[in-house]
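J.: from the sequence below, what's the structure:
(one chain, ligands or ions: 2)
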Amino acid sequence: AAPLRVLGIESSCDETGIALVELPDGVAGTQPAALLAHALHSQIDMHQAYGGVVPELASRDHIRRIVPLLRQTLAEAGQALDAVDVIAYTRGPGLAGALLVGAGMACALGLALGRPVLGVHHLEGHLLSPFLSADPPQFPFVALLVSGGHTQLMRVDGVGAYTLMGETIDDAAGEAFDKSAKMLGLGYPGGPALAALATQGDPKAFALPRPLLRGTELDFSFAGLKTAVWTQQKKLEAAGTFDATRQADLAASTQAAIVDVLVAKSMLALKATGLDRLVVAGGVGANRELRRQLDAQCQRRRVRVHYPELHLCTDNGAMIALAGAMRLRSGRSQPTTDFHFDVLPR
Ligand code: KG4
Ligand code: ZN
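T.: Ligands and ions are numbered 1, 2, ... in the order given. So this is what the prediction gives:
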C-alpha cells in the first residue's frame, strides 16, 4: 500500500512544533510509524523575563514561527507540501489563543490542499511518544504521564483504550518542580535548573512531605511541597545560613520528594494491574533522577520501562503527528474536511 504521511502541529503552550510522520505501508499496514523530520521552536527565553508563560505573547510567537518551521520540516524530509495526506493538530488542552494558531494553520492547509485534518489530545501525544523510539513498547502497559500541567497514572490497553488509575488532586509534578525552583530563584521553567542544582546537594538534608504515600492510594498531591520548601527556605534565611550549599541541599531534597512519590505510585499501579511494562512520558520524564530510580525499581521487579527519546519528552510536533497516525491506524478516529477550527483548552 502507498505510504500515509501525517503532518503534526503542536502549539498548545510555549513550544511551536511541526513534524512529518509516515506510515510506510499505509493506514491499513503494520509497519511502525517513522519520523521523517521535525522542527521545534521554544519560547522559553521570551517568557523567562516574566517568570512564566504570557499567553498573548505565546500566541503571537506561534504565528511568527509556524510557517518557517513548516518549511524547515518539509525541506528536511525532502517532501513537497502536497506529500501531506492528513494534518494532525493539538486540539487541547492548552492556552486557547496558542491552540487556535495551530488549529487555524491545520485547517488553512487542509482547505488549500484538499486534505483532512484531525484534532489530537496533547496528552495522548505525550503518552504515545515512546513509540517513536528505537525500542517501542507493546500494549498493554502502565503509563506515568508527568508534564507541567498533568500528573496521571493510566492503564493503557491500546490506542484510545486508556483507564485513568490516579491523578494529581492539585499541582502537577512539573508544577511542583517549577514552583519550588522559582522560590529558590532558579528562573522559569525551573524544572531542569532545579534538577541540575540537585546533583550538587544532599537529597536527605531536609525531610519534605511526601503526601498520599500511605496505602494503595494512586492519586497525587504536590501543593503542600512548595509551602514546605518555602518554610524551609525562610527558616534558613532567618538563621542566616541560606548559602549556595543549603540551596543545593534544598533543591536535592525537593527533587527527592517528588521522585519518591512518582516512583512509589508507579510501582503500586504496576502491582495493581499485574502488568510488567511501564511507559513514562511528559516533560518531567526527562528528569535523570526519576529515570535512575525507576530503572532500579523496575529492574528489581522485572518490569520493562520505556521512555521517549530525551528530546521528545517535552512538547513537540512529532508526538502529535504520531498520535494522529496511530489513531487513524487504530480506526479510533476519522479525519475530517469539515473544518470546524475547534480547540478544547481544558
Ligand atoms: O510536557 P511538557 O513539555 O509541557 C506540558 O505539557 O506541560 O513539560 C514541561 C514540564 C515543566 O514543568 C518542566 O519544568 C518539566 O517538564 N521538566 C523537568 C525536566 N525537564 C522538563 N522537570 C524536572 N527535571 C527535568 N529534567
Ligand atoms: Zn506537554
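
J.: quick check: the gap between the nearest residue to Asp171 once chain neighbours are set aside and ligand 2.
T.: Excluding the flanking residues, the one nearest Asp171 by CB to CB, 6 or more residues apart in numbering is Phe222, at 4.1 Å. No exception for glycine: its C-beta is placed from N, CA and C like everyone else's. Phe222 is 17 Å from ligand 2, where distance means CB to the ion, to the nearest Å.

J.: got the phi/psi numbers for Phe222?
T.: For Phe222, the backbone dihedrals (degrees, to the nearest 10) come out as phi -120, psi 0.

J.: how is this structure divided into domains?
T.: 4-128+314-330, 138-307 (automatic domain parsing).

J.: deepest of those, which one?
T.: domain 4-128+314-330 (a mean of 21; mean count of other CB atoms under 10 Å).

J.: mean confidence for that domain?
T.: Averaging pLDDT along domain 4-128+314-330 gives 97.

J.: which SS state does the residue lying closest to Gly158 once chain neighbours are set aside fall under?
T.: Leaving aside its sequence neighbours, Gly158 sits nearest to Phe139 (CB to CB, 6+ apart; 4.9 Å). With DSSP: H, G, I helix; E, B strand; the rest coil as the basis, Phe139 sits in coil.

J.: how far away is Phe139 from ligand 2?
T.: In terms of CB to the ion, Phe139 sits 22 Å off from ligand 2.

J.: find the nearest non-adjacent residue to Ser42, please.
T.: Glu15 (5.2 Å).

J.: residues in contact with that neighbour?
T.: 40-43, 314-316 (CB atoms under 8 Å, 6 or more residues apart in numbering).

J.: what's the closest of those to ligand 2?
T.: Taking CB to the ion as the measure, ligand 2 lies nearest Asp315 of the contacts of Glu15, at 4.3 Å.

J.: redo the domains of the chain as CSV? Include distance to Phe339.
T.: Shown next, in CSV, are the domains of the chain (distance: least, CB to CB, whole Å):
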stretch, distance to Phe339
domain 4-128+314-330, 4
domain 138-307, 23
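
J.: touching stretch 77-85 from outside, list them.
T.: So stretch 77-85 is contacted by 4-7, 20, 36-37, 74, 109, 113, 115 (CB under 8 Å, 6+ apart).

J.: got the contact list for the residue of the stretch 101-250 of the chain found nearest ligand 1?
T.: With CB to the nearest ligand atom as the measure, Gly191 is the residue of the stretch 101-250 of the chain nearest to ligand 1, at 2.2 Å. Gly191 makes contact with 148, 174, 177-178, 181, 283-284, 287, according to CB under 8 Å, 6+ apart.

J.: among those residues, which ones are in helices?
T.: 174, 177-178, 181 (DSSP state H).

J.: about what we covered before: got the contact list for the residue nearest to Gly158?
T.: 156-158, 161.

J.: how about Ala228, secondary structure?
T.: Strictly by three-state DSSP, Ala228 counts as helix.

J.: in this structure it contacts Arg210, no?
T.: No: look at Ala228 against Arg210 with CB atoms under 8 Å: they stay out of range, at 10.2 Å.

J.: any idea how far the residue nearest to the spatial centre of the chain is from Gly125?
T.: The centre of the chain sits closest to Gly282, judged by CA atoms, centre = their mean, with a distance of 2.6 Å. As judged by CB to CB, to the nearest Å, Gly282 and Gly125 stand 10 Å apart.

J.: only alpha carbons, please: show stretch 320-329 as CSV.
T.: In CSV, the C-alpha atoms belonging to stretch 320-329 read as follows (Å, rounded to 0.1, in the frame of the first residue of the first chain):
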residue,chain,number,x,y,z
ILE,A,320,1.2,14.9,17.6
ALA,A,321,1.9,13.6,14.1
LEU,A,322,2.5,10.2,15.6
ALA,A,323,-0.6,10.2,17.8
GLY,A,324,-2.6,11.2,14.7
ALA,A,325,-1.1,8.4,12.6
MET,A,326,-1.7,5.8,15.4
ARG,A,327,-5.3,7.0,15.9
LEU,A,328,-6.0,6.7,12.2
ARG,A,329,-4.5,3.2,12.0
